[in-house]
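Colleague: need a 3D model of the sequence below.
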Amino acid sequence: MSPIGRVFIVLNLGLAVGFLMVSGTHLQTSNNFKIRLEAEQAGRKADQEKAAQTIVGLEKDRNNFENAKTANETALGEARNQIARLMDDNKRLEGLTSSQEADLKTMASSLTAYQTDSKAAFEKAEAAYKMAIADQKVKDEAVNAKNASDAENRTLRTTIASLEETIKGRELDIAGLTKDKNELTLLVQVAKAKGFMEAMAVPQLAGVVTNASGKLCTIQLSDNPGNVDVQEHVNKGGLSFAIYDGKTYKGEAVATKFEASANALLCNVRLVNGVIREGDKAATQTN
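Modeller: Numbers count the residues shown, from 1 in each chain. Okay, the predicted model is just below:
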């Protein structure tokens, strides 16, 4: 074999070896890329599945939240409606109560006021009519005033008629009370005939003299077991106290004024024995 042939053989062999080395390296690199790609794809798939599960859980939570929100909004609306209804009822009741109180107060004093206003309305209308003769402008004003007065007078007459009906009812009630009073008076007279004394009907009160001067004294109440209305008995008159010191009876004190803030009575004194002094005892019943 010629030298040139040998050179070509060596060159072919070197080229073949080089090709094999390059091909092996390239094949190994391609295989590594494939493995990495498959691992990346598997990781992406796992991430997608995890994300899908997370989305499902979040959608479930969102649905639960929406349901709870709807239920809370419904309950809140019902509560607000209930509060609004209660507030309306409260306002209506307050207005009704105020109106009834005003009607009662007005009815108690309206009869006299309406009678006075009726008389004044008639006089005002008459005066306005007389003034209208002198001047046309004044006449027109007077006519208007007269019309207003007539309307007011008609209203007053209607109101007076209503009040008169109420008074008739009250008179019937008073007649019934008068009958009851007469019966009670008769019973009292019968009781007196059998030994009853009015002094026996005095409420049981006790106290101490806090100030005494001449025929006047002040009694500070300390005992009112029946919790009676002291002012009512003072207004009726005859509320008297026996004044004593130990076993010594000094006289009677007749109450003329009651001071509720001090729970004390101002009394006129009917002295019987000795002198009434501060600290003496006072009682309506000594038995």
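
Colleague: for the longest helix seen in the chain, packing partners?
Modeller: If you go by DSSP state H, the chain has its longest helix at helix 3-134. Contact partners of helix 3-134 among helices and strands, from 3 or more C-beta pairs under 8 Å, 6 or more residues apart in numbering; DSSP states H and E: helix 136-193. For every residue, glycine as well, the C-beta is placed using N, CA and C.

Colleague: following the helix it packs on, which helix or strand comes up?
Modeller: strand 206-213 (DSSP states H and E).

Colleague: quick check, G251 in a helix?
Modeller: No - G251 is assigned strand when assessed by DSSP: H, G, I helix; E, B strand; the rest coil, not a helix.

Colleague: what number of residues lie near it?
Modeller: G251: 19 surrounding residues under other C-beta atoms under 10 Å.

Colleague: ok, it to N227 distance?
Modeller: 27 Å (C-beta to C-beta, to the nearest Å).

Colleague: picking up where we left off before, what is the mean pLDDT for the longest helix of the chain?
Modeller: Summarised as a single mean, pLDDT over helix 3-134 is 80.

Colleague: and it with helix 136-193, angle?
Modeller: Here helix 3-134 points in a direction 90 degrees away from that of helix 136-193 (axes from the mean of the first three to the mean of the last three C-alpha atoms, to 10 degrees).

Colleague: identify the residues contacting S118.
Modeller: Contacts for S118 (C-beta atoms under 8 Å, 6 or more residues apart in numbering) come out as N153, L156, R157, I160.

Colleague: dump the residues you listed to CSV, plus distance to E66, neighbour count and pLDDT.
Modeller: What follows is the contacts of S118, written out as CSV (distance: C-beta to C-beta, whole Å; neighbours: other C-beta atoms under 10 Å; pLDDT from 0 to 100):
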residue, distance to E66, neighbour count, pLDDT
N153, 71, 20, 82
L156, 68, 21, 80
R157, 70, 13, 84
I160, 69, 18, 83
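
Colleague: which two among those are spaced furthest apart?
Modeller: Distance extremes for the contacts of S118: the farthest pair is N153 and I160 at 10.0 Å, using C-beta to C-beta.

Colleague: what does stretch 138-153 contact?
Modeller: With C-beta under 8 Å, 6+ apart as the test, stretch 138-153 has contacts from D117, S118, A121, F122, K124, A125, A128, Y129, M131, A132, I133.

Colleague: how many residues are close by the fourth one?
Modeller: The local packing count at F122 equals 14, with neighbours defined by other C-beta under 10 Å.

Colleague: which ones are touching it?
Modeller: Taking C-beta under 8 Å, 6+ apart as the test, what F122 contacts is S149, N153.

Colleague: isn't E252 right up against I243?
Modeller: Yes - counting by C-beta atoms under 8 Å, E252 touches I243, with 7.0 Å between them.

Colleague: counting neighbours, go ahead and name the busier of those two.
Modeller: The neighbour count for E252 versus I243, taken as other C-beta under 10 Å, is higher for I243 (28 against 16).

Colleague: what's the closest non-adjacent residue to that one?
Modeller: K250 (4.6 Å; C-beta to C-beta, 6 or more residues apart in numbering).
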